[in-house]
Every structure is written in structure tokens, then in C-alpha cells.
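>>> no letters, just coordinates:
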């Protein structure tokens with residue numbers, strides 16, 4: 001009984017068992033390492049045991065001769081010709097030749113000192129009465145020879161006198177400008193539609209240096225311009241100028 005429960009004996013037996021276990025594990029590890037070495041390098045088996053047949057390693061494979069680097073062959077450079085650019089030929093469209101007319105040369109026309117009567121208005125409703133525009137002795141007032149002027153009347157289509165129209169006289173007389181107006185009906189001595197235009201206090205001779213024209217109250221012409229003459233004679237110091245309506 002004492003031997004079975006003796007703790008010292010149990011301790012020694014345990015140590016022996018542990019040593020055997022360690023030795024077995026170590027041997028197992030060594031064997032496993034050997035198999036692994038032989039598996040990875042079969043040539044080691046001849047070293048371990050020369051009597052055991054080793055694998056026929058045979059002759060080492062022959063390495064084919066090295067071909068070497070390829071020889072560099074000089075390839076002649078291909079020279080490209082100059083780039084060909086197509087030439088676009090444009091045919092110009094035919095441009096019509098334009099003939100330029102020479103510009104007229106401006107010519108300074110000297111202004112006449114005497115106003116020239118202009119052309120008559122187209123379709124003017126009044127014209128100078130036939131037999132009128134004559135020189136007679138003064139009958140428009142009592143100044144006799146101490147006067148020079150124009151006098152007359154204006155008649156409608158029925159030859160009735162018209163009142164309220166304008167007689168305009170313009171031009172030059174003895175170097176002086178003339179620009180006078182008078183209304184028909186303003187001088188009843190001449191007639192119901194009579195008018196008078198004073199030009200001077202004495203007779204003066206002139207040759208178409210003045211013109212007369214019939215106008216309405218707005219200043220629009222009712223007749224053409226009519227040239228008039230004057231005389232230095234006391235028996236011809238009045239220009240008798242009457243007008244008739246024609247349309």
C-alpha cells in the first residue's frame with residue numbers, strides 16, 4: 001500500500017514517461033524532416049543511403065546553342081517626294097463692263113442783272129388780254145406826267161371783273177430793284193376790278209427789265225410771267241395790262 005501511494009515513486013515514473021514522450025515526438029519530427037528533404041531534393045537519398053537506388057537523373061538537358069542577337073540590317077530610308085497640293089483654278093465670272101458717263105462739268109452761269117420772265121405754268125387759268133400790255137398816257141390818277149406805273153383789270157370767263165386777286169411786278173428800273181403788289185378792285189378809277197402799281201414819279205424808259213404776273217391770295221401763280229416795257233414819254237407813262245380767265 002505504501003508503495004502505491006508513495007508520491008515520490010509517482011513523480012519518478014511521470015518523469016520517465018515524459019522523457020519517452022519527448023523522445024518519440026523528437027524522433028517523429030526528425031523523420032518527418034527527412035522525408036520532406038528527400039521529397040524536395042531526391043538526390044539526397046544517395047547521400048543518406050548509397051545502397052538505395054536513387055532516381056535516374058540522366059544527363060543534363062542540352063541547352064540549344066544561343067542564337068545571339070539579331071544582326072542589324074540597314075534599311076535604306078524611303079524618301080518621300082514633296083507634298084503635292086492641287087491647284088484650284090477659279091474661273092472668274094464675267095463681270096459686265098459698266099460704261100460710266102462723264103459727269104457734267106459745272107459751269108457758272110452769270111446771273112443776269114435783269115430778271116427774265118419764267119415759263120408759264122402748265123394750264124394757267126389766266127392770260128394777258130389780246131391787245132393789252134401797251135403804253136398809254138396816264139389815266140389812273142390826276143398826276144399826269146409826274147407818274148409812271150402799271151394799271152388794268154382782271155376778268156372772269158364771262159368777262160366780269162374779278163376782285164381780290166394779286167398783281168405782282170418785279171425786276172429793275174433805272175438800276176433800282178422793283179418788287180410791288182396790288183389787289184384787283186383797289187382802284188375803281190381804272191374800273192370795277194381795277195388795280196394800280198406805282199413805279200416812279202416821272203417817266204423812265206426800260207426794255208423788258210421787269211415782269212408782271214397774276215397770283216391768288218395765297219401767292220400761287222395764276223398766269224405766266226409777262227415782260228413789260230416803259231417809256232420816258234409823258235404820253236406813254238402808263239402800262240395798260242389786263243387779264244382774261246380762259247379756264
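Looks like it came in fine. Predicted model, so just to flag it, every value in this text is computed and none were measured.
>>> poorly predicted segments of this structure, please.
Of all residues in the chain, those with pLDDT under 70 make up the ranges 1-11, 34-35, 37-122.
>>> so if we follow the domain assignment, how does it break up?
Domains of the chain are assigned by automatic domain parsing as 7-48, 126-245.
>>> rebuild those as CSV, extending it with mean neighbour count.
Yep, even glycine has a C-beta here, placed from its N, CA and C like the rest. As requested, the domains of the chain are exported to CSV (neighbours: other CB atoms under 10 Å):
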stretch, mean neighbour count
domain 7-48, 10
domain 126-245, 17
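>>> what's the longest strand anywhere in the chain packed up against?
The strand that spans the most residues within the chain, counting by DSSP state E, is strand 206-215. In terms of contacts (3 or more CB pairs under 8 Å, 6 or more residues apart in numbering; DSSP states H and E), strand 206-215 is packed against strand 166-173, strand 226-230.
>>> quick check: angle from that strand to strand 226-230?
140 degrees (axes from the mean of the first three to the mean of the last three CA atoms, to 10 degrees).
>>> quick revisit: could you dump the helices and strands packed on strand 206-215 to TSV with distance to residue 142?
What follows is those, written out as TSV (distance: least, CB to CB, whole Å):
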stretch	distance to residue 142
strand 166-173	21
strand 226-230	20
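>>> between these, which gets nearest to residue 219?
Closest to residue 219 of these, according to CB to CB: strand 166-173, at 7.4 Å.
>>> what pairs with the closest one, and is each one parallel or antiparallel?
strand 176-183 (antiparallel), strand 206-215 (antiparallel) (DSSP bridges).
>>> name the residues that touch the last one?
In other words, strand 206-215. 114-117, 126, 150, 154, 165-174, 178, 221-230, 241, 243 (CB atoms under 8 Å, 6 or more residues apart in numbering).
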